[in-house]
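Visitor: I'd like to go over a predicted model; first the sequence, then the structure.
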Amino acid sequence: QAESIQRFYDNFDKALAVNKTIKVLMEKEQNPEAAAKLWQSSGMADLQGIRTALSNAHNTIDLVYRNPDMTPDEKRELIDQIYMQMIAMAQNGNKLAESFEKARKEEVERQKNRGIVKERAPASVAVQPRTPPPPGPESRPVQF
C-alpha cells in the first residue's frame, strides 16, 4: 500500500511540470496553441491540495515521534492511523489523476471526431526525478 504514496508523488511531479509549462506557455510566451497541444497530449489534474495534506500528515508523524508525553504504544498506534490516512489520501489522488486523464483523452477524442482538433504528435515535458519521500513509519524505529 505504501507504493500508493510513491505513485502519488510521481503523478504529482508530472502534473506539476505539465501544469507549470502550460501556464508559462499561456501567460509568458503568449502561445495558446502550444499550451493546447500540451494539454491535449498530457494535461494533468491539479494535485497540490492532496500533496499539502500528505505533507501535513507527515509533519504530524514527526511531532508524534518527538512527543515525550506519549508511550511507545500510543505513538505506534497514532502513527499507524496517520499512515493509513496518508495511504488513503494518496490512493484518492491517484484515482483523481486517472479520472482526469481519462476525461481529458475522451474530450480530445470528441474534438477530433468533430474536426476541431487535428492529430498531433504528443508534446513532452521533462519531469525532474524527485527525491524519494522519507520512509513510512513501518520502516522507522520509534525513538523515545
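Guide: Happy to help now that I have it.

Visitor: longest helix anywhere in the protein?
Guide: Longest helix in the chain by number of residues (criterion: DSSP state H): helix 72-113.

Visitor: Show me what it is packed against.
Guide: When contacts are defined as 3 or more C-beta pairs under 8 Å, 6 or more residues apart in numbering; DSSP states H and E, helix 72-113 sits against helix 2-27, helix 32-42, helix 48-66. Every residue, glycine included, has its C-beta placed from N, CA and C.

Visitor: Please repeat the previous calculation with a cut-off of 6 Å.
Guide: helix 2-27, helix 48-66 (3 or more C-beta pairs under 6 Å, 6 or more residues apart in numbering; DSSP states H and E).

Visitor: so of the ones you listed, which one's packed in deepest?
Guide: When these are scored by mean count of other C-beta atoms under 10 Å, the highest mean neighbour count falls to helix 2-27 (a mean of 17).

Visitor: name the element residue 46 belongs to?
Guide: Under the criterion of DSSP states H and E, residue 46 resides outside all helices and strands.

Visitor: how close does the residue lying closest to it once chain neighbours are set aside sit to residue 93?
Guide: Beyond its immediate neighbours in the sequence, the residue positioned closest to residue 46 (C-beta to C-beta, 6 or more residues apart in numbering) is residue 19, lying 6.3 Å away. Counting by C-beta to C-beta, to the nearest Å, the separation of residue 19 from residue 93 is 14 Å.

Visitor: Residue 100: what's it in contact with?
Guide: When contacts are counted by C-beta atoms under 6 Å, 6 or more residues apart in numbering, residue 100 is found next to residue 45.

Visitor: hmm, back to that, distance between the longest helix of the chain and the chain's centre?
Guide: Between the mean C-alpha location of helix 72-113 and the chain-wide mean there is a distance of 8 Å, by C-alpha atoms, centre = their mean, to the nearest Å.
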